[in-house]
Structure formats: structure tokens, C-alpha cells
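J.: return atomic coordinates for the entry below.
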Amino acid sequence: MPHPIQIPRLGWSMEQGTFVGWLKNSGDDVQPGESLFTLEGEKAIQEIEAVDAGTLHFDATNPAEGDIVPVGAVIGYLLAVGETAPPIPRVDRSPTSNRPDVGVRTTVTRAAPAVAESRERNVTTFAPPASPAVRRLARQLGVDLAPLTSAGRISEADVCRRYLQSRGEFLPSVIESKPFTPSAPAIRSSAVPRRSRILPTISPRAARSAARLGVDWTQLPGTGSTGRIRERDILAAANNTIALPLNTSTATHTIPITPLRRTIANRMVASLQQTAPVTLTTEIDVSAIVEFREQLKRSGQTLIPSITDGFVKLVALALQEHPTLNARWRDDALELFNEIHIGIAVDTNEGLLVPVVRDAHRHSVFEIARQSRELIERARARRLTIQDLQGGTFTITNLGSLEIDAFTPIINFPETAILGLGRIHVQAATSTADSARLRHQMTLSLTFDHRVLDGAPAARFLQTLARLAATDLQSLFEPTTHR
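T.: Here you go, the predicted model:
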């Protein structure tokens with residue numbers, strides 16, 4: 001009997017995913033454990049493996065690369081010798097639920113070359129080497145990847161260069177390595193020759209804001225150190241140029257809701273609906289952490305833990321003293337975790353992701369720094385796996401680099417609490433004995449589920465963090481496992 005190949009559920013709330021491409025040709029022999037196709041779920045991209053052996057059969061046009069496909073949809077079959085494949089149902093690309101998850105399983109395997117079918121000639125050809133993010137950008141801009149050549153994989157800069165060339169412009173070499181999404185077609189100045197004007201440099205964040213707000217960034221002066229356009233330049237231009245009256249029906253610019261953005265929205269709403277969130281804020285002295293990092297810099301240390309890395313370690317130690325914050329609410333009991341797995345909120349081009357540093361209480365701050373650096377790099381490159389995003393018991397989010405003092409973080413449900421880190425500011429000591437000493441202060445914002453614990457235990461957790469942050473960090477951060 002033919003074994004159906006179905007779209008699996010990669011996350012607990014996933015109802016649909018984006019089909020990235022087949023990794024094998026129709027007609028290939030397949031063994032259990034071999035990767036069949038790539039699927040983009042709610043927050044990660046996974047290669048999907050075969051459970052059974054057989055000859056692969058699929059329709060080259062159903063689904064196509066980039067199609068939104070529902071969980072449970074049949075997209076192909078594995079056939080035994082002599083078997084005939086039944087007709088493959090046309091993929092219903094609308095959201096669905098309660099589909100069976102059979103025929104495939106998810107796993108992390110080594111990368112395999114993407115394969116594409118030629119629609120016109122009905123022959124199999126290998127697609128140009130490009131990541132799913134690059135292919136998605138090419139589709140958005142209408143760029144054909146086939147003519148592009150590259151020393152390695154096709155980059156976002158290659159796609160942007162092709163896009164601008166089609167408009168008679170080109171990318172300056174100084175930003176060719178910086179991925180960004182161009183905005184709507186620019187209004188060119190008549191004083192500049194069409195084929196000789198060099199576009200200003202722009203940060204990826206600024207480019208996204210320009211696309212969202214409909215700002216022509218090619219005409220703006222940048223305030224960056226080398227004239228680079230920053231997000232503040234885009235926002236300032238938008239404030240000066242967008243003055244639509246209230247209740248206007250004028251259409252400006254719309255951005256489709258991506259699966260990741262929809263997942264983030266659904267989980268934020270679920271958190272607020274299923275918890276009783278309360279936020280406490282307090283200001284603590286982090287001078288010891290700042291001085292510890294400065295000592296490492298002076299010593300020539302190559303791996304300098306960030307402020308967030310330091311708090312991952314401090315929170316792990318504090319949770320051992322306050323286990324109710326490392327718990328989950330069940331209908332009939334509290335589930336206290338023996339292990340401490342701390343999620344780190346990471347701002348990416350696609351949206352907020354929370355990869356997890358596992359066993360934070362067992363690692364030195366240097367090992368935590370190594371893990372977090374790898375996780376952050378993979379998050380921003382959209383190379384996180386489902387396993388990287390699951391299993392957290394507590395979350396930390398840091399907005400200090402954006403000059404935010406205090407805020408109200410939303411609990412990463414079904415966890416019990418989340419800690420927000422604000423900016424570090426310097427102020428003079430208040431005591432007479434330390435009047436000549438400057439202190440580094442930071443505001444902590446702790447949001448917790450009031451169903452699980454009351455305000456006083458949560459406040460004592462913050463007191464413990466303040467005490468740990470002011471102690472001799474050499475002993476707390478001893479690099480016993482630093483490699």
C-alpha cells in the first residue's frame with residue numbers, strides 16, 4: 001500500500017507551513033531517515049525525513065515552492081515495487097486544523113541541495129543554491145534566480161543587485177554584504193543620471209521600516225557614522241511626510257502577515273488570556289557586572305559575556321532559591337522543574353524568536369555566552385531548529401540597548417515569569433562613605449503569573465537577584481567549563 005507523505009506539525013499550535021522545496025527527485029529510491037523536503041513552520045525551518053522506504057512519487061507543481069500548505073496535506077507517496085501511485089489531492093492552501101500527522105517525522109539533518117522541477121519542459125533540474133530567506137525575497141521582488149551566478153550560495157545582496165539593475169540602478173560595493181529589503185520603486189531626481197546614481201547605504205531595520213511606511217529612502221540623508229540611513233531617519237521622514245486625516249480611506253501600503261508574525265501574535269494573546277500577569281520593577285546596582293566585563297576586556301579575553309549572559313547565570317542561581325518561578329500552572333497542581341532552561345528573546349528581521357539556553361544552572365557564564373552567541377546567530381539567519389525553541393522554563397528579554405529603562409514584558413506562556421532588563425545608567429553613590437564612587441544602575445521588570453505565586457515571593461526573587469549581582473562575581477562566574 002502506498003505510504004502517503006504529509007505535512008507534519010512542527011509546533012504545538014502550527015496549522016499551516018510554507019513549503020520550501022523537495023530535496024529529492026520524483027522517482028528516486030528513498031530509505032528511512034533520508035530527507036525528503038524542507039518545510040518552514042511557525043518559527044523554524046526543518047528538513048522532513050522519511051519513515052518508510054520506497055520510490056518517491058510527487059507532482060512537480062503541487063505544492064510549488066513558497067506555497068502555504070495545511071498540516072496533514074498529502075503531497076506525495078512512497079511506493080513499493082510494482083505499486084501505482086493514487087492521484088495526489090490538490091493542496092488546500094487555506095488554514096486548517098485537526099489533520100492527522102502521519103507518514104513523516106521531523107528531525108535535524110545535514111543540509112541537502114534543493115531540487116526544483118522545470119514546469120515548462122517537464123524535466124528535473126537543480127535549483128540555484130540559495131537559502132529559503134533568499135528565495136522568499138526573490139519572490140517578493142519578482143527576481144528570477146536562474147540567471148544568477150555566485151562564487152557560493154546566492155545572497156540577499158545578489159537578489160537586491162539584480163532587482164536594482166532591472167530598475168537601472170546598482171548597489172554600491174560598501175553595502176553588497178548587508179542584506180536588506182528595498183522599498184517601493186524610488187522617485188528619482190531628474191538631476192541624477194538614471195544609470196549612474198549610487199544609492200545611499202541603509203541598515204536592514206531601516207529598510208524594513210521604509211517598506212512598511214512607504215518612505216523613499218533613496219532620497220534621504222543618513223545620520224549614521226558614514227552617512228548610513230538608520231531607522232530614526234526613516235521614522236523622522238515618515239513623521240514629516242505622512243499627515244493623513246483620521247478615518248481616511250486613502251490606501252497607502254500594506255504588508256502581508258507572515259506565518260511567524262501570526263504565531264507571535266497568537267501566543268501573545270494566549271499568554272494574556274491564560275495567565276494573571278503582574279509586573280514588578282526595581283532598580284539594582286550592576287556595577288560588579290560592569291567591572292567584571294571590563295576586567296575581562298583588559299585581560300585580553302576573547303569571549304566577553306554580555307549583560308544578558310550574566311543575568312542568565314544570575315537568574316539560574318536565583319531560581320534555585322525560588323523554584324516557584326521555575327514552574328508551570330496545571331489545573332490541579334503546580335509543576336516544578338528540576339532543570340533550568342532559560343530562553344533569550346532575540347530580535348530578528350522576521351520577528352521575535354526565543355531560543356533556549358539549556359541547563360543554565362550547570363554552566364559557567366562563559367559557556368552560557370558561547371551557547372547564546374551561537375543561538376542568536378542562528379536565530380537571525382533563520383537556522384534555528386524546533387528543538388532550539390522548545391523546553392524553556394524562564395525567559396529573559398533585554399531592551400537596554402534601545403535606551404529603555406522599564407517595560408512590561410509578556411510571559412512566554414506556558415512559563416510562569418519573564419524578566420526584562422533595562423538600560424544601564426551611571427549615577428553617584430548616595431552614601432557618604434562612597435560619595436566619590438559612581439554606580440551603574442539597571443531597572444529590572446519582572447512579569448509573573450499571579451495564579452502561581454503572590455507579589456511578595458516575586459519581590460523576594462528580585463531581592464535575590466540584586467544580592468547576587470552585587471557579590472563577588474569571580475566566584476559566581478568561575479570559568480570552570482570555558483573552552
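J.: elements contacting whichever helix or strand Leu260 is part of?
T.: Per DSSP states H and E, Leu260 falls inside helix 259-274. The criterion is 3 or more C-beta pairs under 8 Å, 6 or more residues apart in numbering; DSSP states H and E, and the helices and strands that helix 259-274 contacts are strand 16-22. To be clear about C-beta, it is placed using only N, CA and C from the backbone, and glycine gets the same treatment.
J.: just checking, what packs against the helix or strand just after the strand it packs on?
T.: Reading on from strand 16-22 to the C-terminus, the next helix or strand found by DSSP H and E is strand 29-30. Packing contacts for strand 29-30, counted by 3+ C-beta pairs under 8 Å, 6+ apart, involve strand 54-58.
J.: now do the strand it packs on, average pLDDT.
T.: Throughout strand 54-58, pLDDT has a mean value of 91.
J.: got the angle for it vs strand 16-22?
T.: 110 degrees (axes from the mean of the first three to the mean of the last three C-alpha atoms, to 10 degrees).
J.: residues in contact with strand 54-58?
T.: With contact meaning C-beta atoms under 8 Å, 6 or more residues apart in numbering, strand 54-58 is reached by 2-3, 5, 22, 24-30, 36, 75-81, 83, 85, 88.
J.: quick one: buried ones out of the residues you listed?
T.: Among these, those buried by neighbour count (16 or more other C-beta atoms under 10 Å) are 2-3, 5, 22, 24, 26, 28, 30, 36, 75-79, 85, 88.
J.: my guess is His450 contacts Val278. True?
T.: Yes - look at His450 against Val278 with C-beta atoms under 8 Å: they come within range, at 4.9 Å.
J.: what number of residues lie near Arg437?
T.: Residues lying near Arg437 (other C-beta atoms under 10 Å) number 10.
J.: how about the nearest residue to Thr258, chain neighbours excluded?
T.: Counting by C-beta to C-beta, 6 or more residues apart in numbering, the nearest residue to Thr258 once its immediate chain neighbours are dropped is Glu350, at 6.8 Å.
J.: convert the next helix or strand after the helix holding Leu260 to PDB, retaining C-alpha atoms only.
T.: Sequence order places strand 277-285 as the next helix or strand after helix 259-274, per DSSP H and E. Output in PDB follows, covering the C-alpha atoms of strand 277-285 (Å, rounded to 0.1, in the frame of the first residue of the first chain):
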ATOM      1  CA  PRO A 277       0.200  38.800  34.700                       C
ATOM      2  CA  VAL A 278       1.600  41.300  37.200                       C
ATOM      3  CA  THR A 279       4.800  43.300  36.700                       C
ATOM      4  CA  LEU A 280       7.100  44.400  39.400                       C
ATOM      5  CA  THR A 281      10.000  46.800  38.800                       C
ATOM      6  CA  THR A 282      13.100  47.600  40.800                       C
ATOM      7  CA  GLU A 283      16.400  49.300  40.300                       C
ATOM      8  CA  ILE A 284      19.600  47.400  41.200                       C
ATOM      9  CA  ASP A 285      23.300  48.100  41.300                       C
END
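J.: just to revisit the earlier point, compare His450 and Val278 (neighbour count), which wins?
T.: A side-by-side neighbour count of His450 and Val278, using other C-beta under 10 Å, places Val278 first with 16 against 13.
J.: what distance do you get for the more buried one to Ala316?
T.: Taking C-beta to C-beta, to the nearest Å as the measure, Val278 and Ala316 are separated by 23 Å.
J.: and if you look at Ile342?
T.: Ile342 is 6 Å from Ala316, by C-beta to C-beta.
J.: more crowded one of the two?
T.: Ile342 (28 against 23).
J.: list phi and psi for the more buried one.
T.: Backbone torsions for Ile342, taken as degrees, to the nearest 10, come to phi -110, psi 120.
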